[in-house]
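Asker: all I have is the shape, not the residue letters:
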């Protein structure tokens, strides 16, 4: 089931899989739900296009989740299969390069700490 909350004009303001006192049960095909999910209100919601557009940010979320799990010592980098390690390292290097360019334009107070910008911790090994 899908539940939606609405504003005073009847526009969807939130979606949930669990019922809430303010939420109403809705269909995924409801035009108000599709409008809420739409990247551009003038266009009809296309799930395939939405997934393609959201892949990049979802991948970054997963990378950050993996970094968090490693940082909390819940998993080790070396627990991941070698192809995953290589892919994550190459993406981490690229992201750090992008952040480096961005950091040059920001105040020192907004820069990452050394610990946050490390690609590998002392206990992590590639091989």
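Answerer: Good, I have the coordinates. Only a predicted model underlies this, so the values are computations on that prediction, with no experimental measurement involved.

Asker: avg pLDDT for the lengthiest helix in the chain?
Answerer: The longest helix of the chain (DSSP state H) is helix 47-71. Averaging pLDDT along helix 47-71 yields 87.

Asker: helix or strand next in line after it, which one?
Answerer: helix 82-103 (DSSP states H and E).

Asker: please state the offset of the longest helix of the chain from the chain centre?
Answerer: Here the centre of helix 47-71 is set off from its chain's centre by 4 Å, with C-alpha atoms, centre = their mean, to the nearest Å.

Asker: now the angle from that helix to helix 82-103?
Answerer: 90 degrees (axes from the mean of the first three to the mean of the last three C-alpha atoms, to 10 degrees).

Asker: domain ranges for this protein?
Answerer: Structural domains assigned to the chain are 2-37, 47-117, following automatic domain parsing.

Asker: buried ones in the first one, by neighbour count?
Answerer: When you say that, I think you mean domain 2-37. 3-4, 6, 12, 23, 26, 33-34, 36 (16 or more other C-beta atoms under 10 Å). (Glycine included, C-beta is placed from N, CA and C.)

Asker: if anything else comes up later, I'll come back, but that's it for now.
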